[in-house]
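Q: This is the structure alone, sequence omitted:
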Ligand SMILES: NC(=O)c1ccc[n+]([C@@H]2O[C@H](COP(=O)([O-])OP(=O)(O)OC[C@H]3O[C@@H](n4cnc5c(N)ncnc54)[C@H](O)[C@@H]3O)[C@@H](O)[C@H]2O)c1
């Protein structure tokens with residue numbers, strides 16, 4: 001494994017599980033250190049305990065003070081932030097008539113607000129250090145219609161739009177890109193697939209796999225590769241881009 005992240009520090013949100021935990025593992029394997037934030041601090045610390053030099057902190061990314069304090073704590077402990085991966089989020093489906101404004105605001109506050117707050121807090125640090133890279137997480141729900149998924153799709157579309165605009169503002173020192181994953185096996189999707197399979201996880205997983213060209217669901221490592229590429233100097237001429245690791249689903 002090459003050491004693309006030697007001497008560098010990644011701050012990742014939603015990192016007690018799934019995509020961000022996989023990105024943190026890969027970043028560490030390639031020589032970097034990581035700060036793992038999750039609303040569930042125990043989960044963040046459990047992942048951190050397996051990674052050399054890592055710290056795990058409880059942080060609700062929808063909280064302005066929470067993000068500010070977590071970024072300050074990361075700087076105090078690890079001394080720099082070179083990369084950020086904004087993956088904190090939750091799935092929430094349902095007919096639009098059943099959505100309250102509070103439920104909608106939470107969807108927007110965590111996904112869009114959390115991404116905004118982390119970017120706002122790390123950008124001055126990265127600029128002062130002379131450079132940095134941010135990857136935000138949208139979804140194929142920002143590209144294609146899905147049943148009863150309008151608020152999530154709206155939040156993910158906002159993250160994609162925010163990323164494109166911020167890329168211009170953050171340039172030339174900081175690059176900002178977005179990934180829009182397809183169906184990836186994580187703590188978020190497994191319960192959904194089980195439900196959709198009528199209680200049968202294998203059936204639900206096979207149904208999800210049937211929707212793309214490669215006829216398998218993605219694993220968290222399928223996202224860690226592209227994300228770590230975008231966070232690395234290998235992607236030094238890429239900013240404002242959308243990468244779609246979805247097994248080809250959105251082309252069908
Ligand atoms: N798994 C997929 O198929 C898929 C596809 C497209 C996009 N995504 C997106 O990827 C991101 C990561 O999801 P995942 O699949 O790894 O799910 P996951 O449930 O495994 O991990 C998400 C983590 O975010 C944390 N979290 C939730 N709300 C938070 C908050 N307010 N503040 C801080 N942490 C919070 C959770 O505790 C959890 O540990 C999400 O934004 C999700 O919408 C996932």
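A: That came through fine. What you are looking at is a predicted structure, and each value in this text was computed from that prediction instead of being measured.
Q: The helix or strand hosting residue 46 near the ligand at all?
A: Assigned by DSSP states H and E, residue 46 belongs to helix 41-49. Yes: Helix 41-49 lies within reach of the ligand by CB under 6 Å from any ligand atom, at residue 43. All C-beta spots, glycine's among them, are computed from the backbone N, C-alpha and C.
Q: same for the helix or strand just after that helix, what does it pack against?
A: Reading on from helix 41-49 to the C-terminus, the next helix or strand found by DSSP H and E is strand 55-58. Judged by 3 or more CB pairs under 8 Å, 6 or more residues apart in numbering; DSSP states H and E, the packing partners of strand 55-58 are strand 33-38, helix 41-49, helix 64-78.
Q: Let me have those in JSON lines, extended by mean neighbour count and mean pLDDT.
A: JSON lines is the format used below for the helices and strands packed on strand 55-58 (neighbours: other CB atoms under 10 Å; pLDDT from 0 to 100):
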{"stretch": "strand 33-38", "mean neighbour count": "28", "mean pLDDT": "98"}
{"stretch": "helix 41-49", "mean neighbour count": "18", "mean pLDDT": "98"}
{"stretch": "helix 64-78", "mean neighbour count": "17", "mean pLDDT": "98"}
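Q: Using TSV, please lay out those together with distance to residue 156.
A: Below are these laid out as TSV (distance: least, CB to CB, whole Å):
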stretch	distance to residue 156
strand 33-38	20
helix 41-49	23
helix 64-78	20
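Q: Now for residue 195, how many residues are close by?
A: The number of residues packed near residue 195 is 12, by other CB atoms under 10 Å.
Q: Can you list the neighbours in contact with the helix holding residue 46?
A: Helix 41-49 has contacts (CB atoms under 8 Å, 6 or more residues apart in numbering) with 15-17, 21, 24, 34, 36-38, 54-59.
Q: rerun at 10 Å
A: By CB atoms under 10 Å, 6 or more residues apart in numbering, the residues outside helix 41-49 that reach it are 12-17, 20-22, 24-25, 28, 34-38, 40, 54-59, 187.
Q: how far off strand 33-38 does that helix point, in degrees?
A: If you take axes from the mean of the first three to the mean of the last three CA atoms, to 10 degrees, helix 41-49 sits at 160 degrees to strand 33-38.
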